[in-house]
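Asker: prediction below, plus the sequence it came from.
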Amino acid sequence: METMVRPLAAFVRAAGALGAGAALLGAFAPLALAQPPVSRVELEEIVVTAQKREQASLDVPVAVGTFTSRDILNTGALTLQQIDDFIPGFEADGETFTQQSYNVRGISSPNISTGGDPSVATFYDEVYLPRAATTMAFADMERVEVLMGPQGTLFGRNAAVGVINMVPRAPADEFEAFVNVRGGNYNLLRVEGMVNVPVSDTFALRANLLSNERDGIARNVGPSAAQAADRDNQAARIAAAWDMTDATRAYLAYDWDRFDQSPTMAIGISPYAYGTDPFAGRYENDVREAEETRDMYGVTGKLFHDFSEAWSGKAILSYREWETTNREDEDGTADATRYFDTNNREDSDIFYSEMQFNFADERIDAVFGANYSRENTFQSTDANALGDSITRLVTNQLNSDLGLGLDHLWNPEEFASALNLFGIPVTGAEVAATGDFWYDTVAGALNEPMIFGPSFRGVEWTEAIQNEGDFTNWGVYGDVAYHLSERLDVIGGLRYSEDEKEFSWLFPPTSFAALRPGVSNQIFTLDPQYASAYTTPLESSDNWSQVTGRAVVQYFLSEDFMGYLSYSTGYKSGGFDSLTISSSAEPLEPEESEMVEIGLKGDLLEGRLRAQIAVFNLQVDGRQTTVDSRQPGAPNAIPTVINIDNENEGFELTLDWMVTDSLKLGGLTTVRNEDSTSGTFYNSDAELTDMNNSGDTATTYTLRLDWSLEVPGGELLLHADYVYEENTVDENDPNFFDELRELPHYFDDSEMLNARLAWISGDGHYEIALWGKNLLDKELIQGVRTITRSSFGTTFVGIEDPLTWGLEGRYTW
């Protein structure tokens, strides 16, 4: 347990920071001291299903972060990407909707390949979601649960380091309805409606609809239609619940989801971009047919039955299907000679089923079950260039091979000078006047069809890797809690999981091959041993299995406060890298995780202070992660999946304090030390490197305030949160490059202040609110991308939303 000492020391420092913040926010306390109790500000009793059965969150011996329907309303959160500031140890990496990656306790997953799986399993309505389906809109959502650490025993597939569980509201036996309209700057308009109708005493229907649209936060003045961070998505759901008998209940739900919006922003900061200040409000992209889209639907059926007072069972069947595109700029310029974009296209489906049995009496709580799923995937990773930019790659290669100093072959003066070096007396004017003649002459003399003339200017060059997969997963599990006394419980569980994957690779010839015979792929190239995959899919298959488990001791120090010690293991199957055909012979290794966790949670000070504390040591062997890698001699970097080992240790702390009956203060933080080790690999500059790193993560914390004030006709409800993250950019890092020194605000700490002030009528029917995000109007860099830096000298970034604000109205029946 020596590894726990350092996190405990950091805990003391972070608790002091939270205490100082709470004292500052506590200055609001006198404003509320004279107010009568108001029920809307309270320490909520949250029920979760973290152990496959309904329990109070504070009674579950697992570190669980929760985000309730009221939290969703207060923050305006729409997807998982917008709640990570409010759950310690959880992060949503990036802003993409179709290739999203989630990070729990410092462990994230590749977001590129369909041949691999996430390390954090995501569930919606008790059904597993593959990566491209996880960004479900929070339409009529009851709560979101994030379970920290390996959860393989109860959740199985890919729960190696955590589980995200989204719980939509189920049909109820009373009439309910609401309409919510949220508007704001950048032409934001979000409309949501819901109606719940008890058709009879035994049958109820619930339906909801959501639409969300917003303009971009910076203007693209280039030829592309992409606009930074614009939004256009819709979602709908209808669910039915039927009490067939006193002991048997049936449930059926259909959900639909679509979005059609700009892809991840690519604001250039290179010398070839529109400018080097990403906050200027203007940038240039030239990506053709820029879009990120998803069309998805799912059907879920459940059957519940009570066999006796002690025994109950549940069966789940679900089918989900989706198509996605994600064509995004990869150079951050409107320079045709540096044009490069990628498009990730998927057409996939999954069938999921589970059978579960529960037993409960005075001494034992037990759950047993089995699950089976089958996923069919099609993925096409398209790399798109222009004749202009492919010629720049050819120029770079000729410079390297022949010692030339050309910028671009299509510069007539430069090309003529190169010809002069080889004894051909021609002028730039003659080259320009004769079109492709001299280029074709040189191409013929060198037997090199990759040298072609300016008649190909603006013509698209497309290469692709097409993958198909057939994945089967099944498992059986059991978990038993034994109540040794009124205060002491012991829990043990085991699961056996098995995965089988079939996967294929096809590298069709570049689209240019039909226009200029003899040209070859320049981006996605194959070693000779795999050359058959240019015409015939190369197929591979493998299977993996594992036993995972957990052991927990839980002790209630009082009726409202408990502690626990747990040991758990997790597993994620091996797989295949869709962009690396050599993984057909050497598949990705499976991830295996184990964790020791000590936790305290509950209510203190007569129910006015709620504390949740977890100290952990998490080890992951064979973690699958993505790096931008360029093999020596290759023209560009390719996202590549490698295996590394991690050991992360730290703590998470969440505090909520009811200062008065109408004022609640809260805070949360996490501190980690992360160690990683790996073999060597080629980075984006074709240099051998590794991921042998060790260090503490950035200091991060969130402070929250909720305050209510009774006024004529109702009450005012103020919610505010302040989110801080320390900047940890290291100028000595080998991946740091000089241009970043001039990047505005790149070295700034992140500070975000958000607030919502609402008036709620006395009968609870009306709610009108004024809201604002990033009220300090901080200019913050979201991430730096260098995928084309080694080939074209281009680097680009994303930025966080500037100040956004607006009004919201809600009517509830």
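Answerer: Now that the structure is in, tell me what you want to look at. Numbering: from 1, shown residues only.

Asker: remind me which residues of the protein are low pLDDT?
Answerer: The chain contains residues with pLDDT under 70 at 1-39, 110-111, 635, 734.

Asker: measure the residue of it positioned farthest from its centre to Val431 for me?
Answerer: Largest separation from the mean C-alpha position in the chain: Pro425, at 58.2 Å (Cα atoms, centre = their mean). Distance, Pro425 to Val431, by Cβ to Cβ, to the nearest Å: 12 Å. Backbone N, C-alpha and C define where each C-beta goes, glycine included.

Asker: got it, and Ala334?
Answerer: Plainly put, Ala334 is 26 Å away from Val431 if you go by Cβ to Cβ.

Asker: try Glu321
Answerer: Distance of Glu321 to Val431, computed by Cβ to Cβ: 54 Å.

Asker: ok, the residue farthest from the centre of the chain - contacts?
Answerer: For Pro425, no contacting residues are found, by Cβ atoms under 8 Å, 6 or more residues apart in numbering.

Asker: same check on the one 4 residues further on?
Answerer: In this structure, Ala429 makes contact with Pro412, judged by Cβ under 8 Å, 6+ apart.

Asker: then it would be within a helix, right?
Answerer: Yes - Ala429 forms part of a helix when assessed by DSSP: H, G, I helix; E, B strand; the rest coil.

Asker: about what we covered before: ok, Glu321 and Val431, which is more surrounded?
Answerer: More neighbours surround Val431 than the other of Glu321 and Val431, with 23 against 16 (other Cβ atoms under 10 Å).

Asker: right, and Leu205 touches Val199 too?
Answerer: Yes - counting by Cβ atoms under 8 Å, Leu205 sits close enough to Val199 to count as a contact (6.1 Å).

Asker: the stretch 451-600 of the chain: strands as residue ranges?
Answerer: Assigned by DSSP state E, counting those that start in this stretch, the stretch 451-600 of the chain shows strands spanning 460-483, 488-506, 538-558, 561-572, 591-604.

Asker: revised request: answer the last question for the stretch 301-450 of the chain.
Answerer: 311-329, 341-360, 364-386.

Asker: what's the offset of the shortest one from the middle of its chain?
Answerer: Per Cα atoms, centre = their mean, to the nearest Å, the displacement of strand 311-329 from the mean C-alpha position of its chain is 16 Å.

Asker: next one: the longest one
Answerer: Strand 364-386 has its average C-alpha position 15 Å from the chain's average C-alpha position, going by Cα atoms, centre = their mean.

Asker: what residues sit buried inside it?
Answerer: Neighbour-count burial for strand 364-386 flags 365-371, 373, 375, 377, 379-386 (criterion: 16 or more other Cβ atoms under 10 Å).

Asker: show me the helices in this structure, by range?
Answerer: 5-25, 29-32, 69-75, 152-155, 387-402, 412-421, 428-433, 437-446, 789-792 (DSSP state H).

Asker: burial measure for Ala433, as a count.
Answerer: Look at Ala433: counted by other Cβ under 10 Å, it has 10 neighbours.

Asker: over to Asp361?
Answerer: By other Cβ under 10 Å, the residues close to Asp361 number 11.

Asker: number the residues from 17 up from this point.
Answerer: Fine by me, first position is 17 from now on; the one you just mentioned is Asp377.

Asker: gap between it and Glu726?
Answerer: Applying Cβ to Cβ, the value for Asp377 to Glu726 is 46 Å.

Asker: do the same with Val64
Answerer: For Val64, the distance to Glu726 equals 32 Å [Cβ to Cβ].

Asker: likewise Gly403?
Answerer: Distance check for Gly403 against Glu726: by Cβ to Cβ, it reads 70 Å.

Asker: which of those two has more neighbours?
Answerer: Legend: neighbour count by other Cβ under 10 Å for Gly403 and Glu726, higher for Gly403 (24 against 14).

Asker: need the strands of the stretch 467-616 of the chain in TSV (columns: mean neighbour count and distance to Tyr299).
Answerer: TSV is the format used below for the strands of the stretch 467-616 of the chain (neighbours: other Cβ atoms under 10 Å; distance: least, Cβ to Cβ, whole Å):
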stretch	mean neighbour count	distance to Tyr299
strand 476-499	19	22
strand 504-522	20	35
strand 554-574	17	40
strand 577-588	21	38
strand 607-620	21	38
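
Asker: would you turn the ones you listed into CSV with distance to Tyr202?
Answerer: Shown next, in CSV, are those (distance: least, Cβ to Cβ, whole Å):
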stretch, distance to Tyr202
strand 476-499, 32
strand 504-522, 42
strand 554-574, 46
strand 577-588, 39
strand 607-620, 40
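
Asker: so which of the ones you listed is nearest Asp765?
Answerer: Closest of those to Asp765 is strand 607-620, at 29.5 Å (criterion: Cβ to Cβ).

Asker: ok, the closest one: who's next to it in the sheet?
Answerer: Its sheet considered, strand 607-620 pairs with strand 577-588 (antiparallel), strand 625-645 (antiparallel) by DSSP bridges.

Asker: need those strands in a markdown table with distance to Gly788, can you?
Answerer: Formatted as a markdown table, those follow (distance: least, Cβ to Cβ, whole Å):
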| stretch | distance to Gly788 |
| --- | --- |
| strand 577-588 | 37 |
| strand 625-645 | 27 |
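
Asker: quick one: which of the ones you listed is nearest Glu555?
Answerer: Evaluated with Cβ to Cβ, the strands paired with strand 607-620 place strand 625-645 nearest to Glu555, the distance being 21.1 Å.

Asker: how far does that closest one sit from its chain's centre?
Answerer: Put simply, strand 625-645 sits 15 Å off its chain's centre (Cα atoms, centre = their mean).

Asker: same thing with stretch 433-450?
Answerer: 53 Å.

Asker: ok, now stretch 692-707?
Answerer: When distances are taken as Cα atoms, centre = their mean, stretch 692-707 is centred 24 Å away from the chain's centroid.

Asker: now it - C-alpha only, CSV.
Answerer: Taking Å, rounded to 0.1, in the frame of the first residue of the first chain, the C-alpha atoms of stretch 692-707 are listed here in CSV:
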residue,chain,number,x,y,z
SER,A,692,3.7,4.6,-18.6
THR,A,693,6.1,2.3,-20.4
SER,A,694,6.3,1.2,-24.0
GLY,A,695,8.5,-0.2,-26.6
THR,A,696,9.9,2.1,-29.3
PHE,A,697,7.9,3.3,-32.3
TYR,A,698,8.3,5.9,-35.0
ASN,A,699,6.7,9.3,-34.3
SER,A,700,5.2,11.7,-36.9
ASP,A,701,8.7,12.9,-37.8
ALA,A,702,9.9,9.3,-38.5
GLU,A,703,12.1,9.3,-35.4
LEU,A,704,12.2,6.4,-33.0
THR,A,705,10.7,7.3,-29.6
ASP,A,706,8.9,5.7,-26.7
MET,A,707,6.2,6.5,-24.1
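
Asker: ok, residues contacting that stretch?
Answerer: Contacts to stretch 692-707, defined as Cβ under 8 Å, 6+ apart, come from residues 641, 643-650, 653, 656, 658-663, 708-710, 750-751, 802-803, 805-806.

Asker: same question for stretch 226-235.
Answerer: 94, 153, 155, 200, 202-209, 242-252, 278, 281, 283, 294, 296-299, 815, 817-818.

Asker: again, but for stretch 457-474
Answerer: With contacts defined as Cβ under 8 Å, 6+ apart, stretch 457-474 is touched by 352, 402-404, 406-407, 410, 425-426, 435, 451-456, 528, 531-536, 538.

Asker: for that stretch, buried residues please.
Answerer: Under 16+ other Cβ under 10 Å, the buried positions of stretch 457-474 are Thr457, Val458, Ala459, Pro465, Met466, Ile467, Phe468, Gly469, Pro470, Phe472.

Asker: alright, that wraps it up for me.
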